[in-house]
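A.B. asks: Following is a predicted model, sequence given first.
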Amino acid sequence: MPDPWYEDDAFWLAMTTALFDPDRLAGTPDEVDAIMALTGLVPGMAVLDLCCGPGRHSLELARRGMEVTGVDRTRAYLRRAQRRADRQGLELELLQQDMREPLGHQRFDVAINMFTSFGYFDAPSDDLRVVANLKLALKPGGVLLMDTVGKEYVARSWKNRDWTELPEGGFLLQESKLSQGWSWIENRWILIHDGETEEFTIGHRLYAASELVALLESVGFGPVQVFGSLDGDPYDEECQRLVVVAFAPGDRRC
């Protein structure tokens with residue numbers, strides 16, 4: 001059997017420009033502002049960036065005085081993050097590992113999981129393992145922020161086919177199919193760049209807000225707040241993202 005798509009380094013390398021375009025990179029400081037506001041994060045706190053990719057949030061958090069640990073499975077992304085950190089004189093810890101592996105015990109004040117980096121696995125039990133590890137990794141009163149695409153938004157904005165012109169040239173064509181009673185989305189991505197074409201099939205689990213809240217509560221998080229954007233907008237018919245802020249039990253340590 002071939003490796004699952006999320007373990008295919010060729011996918012992540014080919015999609016780097018599409019996933020981390022200049023506009024998205026330029027918006028990182030504003031996103032970190034929002035993360036700090038929603039979680040109560042302040043300089044000196046320990047932060048886990050799970051699925052940190054090339055480190056766009058990790059580096060910005062380190063620049064603001066956080067003690068940052070970035071975790072990702074793609075070595076090339078971690079190397080890129082380390083090179084950028086070295087050039088900018090930033091200190092942070094970068095670890096290569098699968099998100100299902102243990103993340104430490106009561107190490108972090110805040111954990112973040114951004115940009116729909118959750119729900120990749122065929123077995124729902126793997127998602128349960130990820131959130132259980134996140135809870136164990138947080139100090140008492142610690143905060144988890146997850147940012148993903150919600151089932152409600154997908155239903156409102158559904159397109160079977162779409163395309164995007166890439167800022168640095170080329171196009172990304174997308175074809176999507178739903179399955180498993182609206183719990184899974186399968187995407188066929190065709191990247192056209194410099195006269196060459198690459199095709200990938202990726203899939204991930206879709207969560208409604210209530211389903212993601214129930215998953216987090218099942219491992220002991222609570223309370224869990226739900227927002228429709230990183231700016232803290234309501235999760236209603238105009239939501240753009242599914243953002244949850246979940247609290248680990250206990251009094252927060254200062």
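C.D. replies: Ah, there it is.

A.B. asks: Shouldn't L78 be within a strand?
C.D. replies: No: assignment of L78 by DSSP: H, G, I helix; E, B strand; the rest coil gives helix, placing it outside any strand.

A.B. asks: Tell me how many other residues surround it.
C.D. replies: Neighbour count for L78, taken as other CB atoms under 10 Å: 21. To be clear about C-beta, it is placed using only N, CA and C from the backbone, and glycine gets the same treatment.

A.B. asks: Roughly how far does it sit from L191?
C.D. replies: Relative to L191, L78 is positioned 22 Å away (criterion: CB to CB, to the nearest Å).

A.B. asks: Next one, pLDDT for the residue sitting furthest away from the middle of the chain please.
C.D. replies: Distance from the centre of the chain peaks at G195, with 30.7 Å (CA atoms, centre = their mean). Per-residue pLDDT puts G195 at 87.

A.B. asks: and it, how far is that from G169?
C.D. replies: 10 Å.

A.B. asks: again, but for K177
C.D. replies: Here K177 is placed at a distance of 28 Å from G169 (CB to CB).

A.B. asks: So which bits of stretch 211-223 are buried?
C.D. replies: Residues of stretch 211-223 classed as buried by neighbour count (16 or more other CB atoms under 10 Å): 212-213, 215-216, 219, 221.

A.B. asks: CSV for those, including distance to L230?
C.D. replies: What follows is those, written out as CSV (distance: CB to CB, whole Å):
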residue, distance to L230
L212, 16
V213, 18
L215, 20
L216, 18
V219, 23
F221, 19
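
A.B. asks: Would you report which members of these are assigned to helices?
C.D. replies: Among the buried residues of stretch 211-223, the members falling in helices are 212-213, 215-216 (criterion: DSSP state H).

A.B. asks: Turn those residues into a markdown table, columns for distance to L173.
C.D. replies: As requested, these are exported to a markdown table (distance: CB to CB, whole Å):
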| residue | distance to L173 |
| --- | --- |
| L212 | 29 |
| V213 | 34 |
| L215 | 32 |
| L216 | 35 |
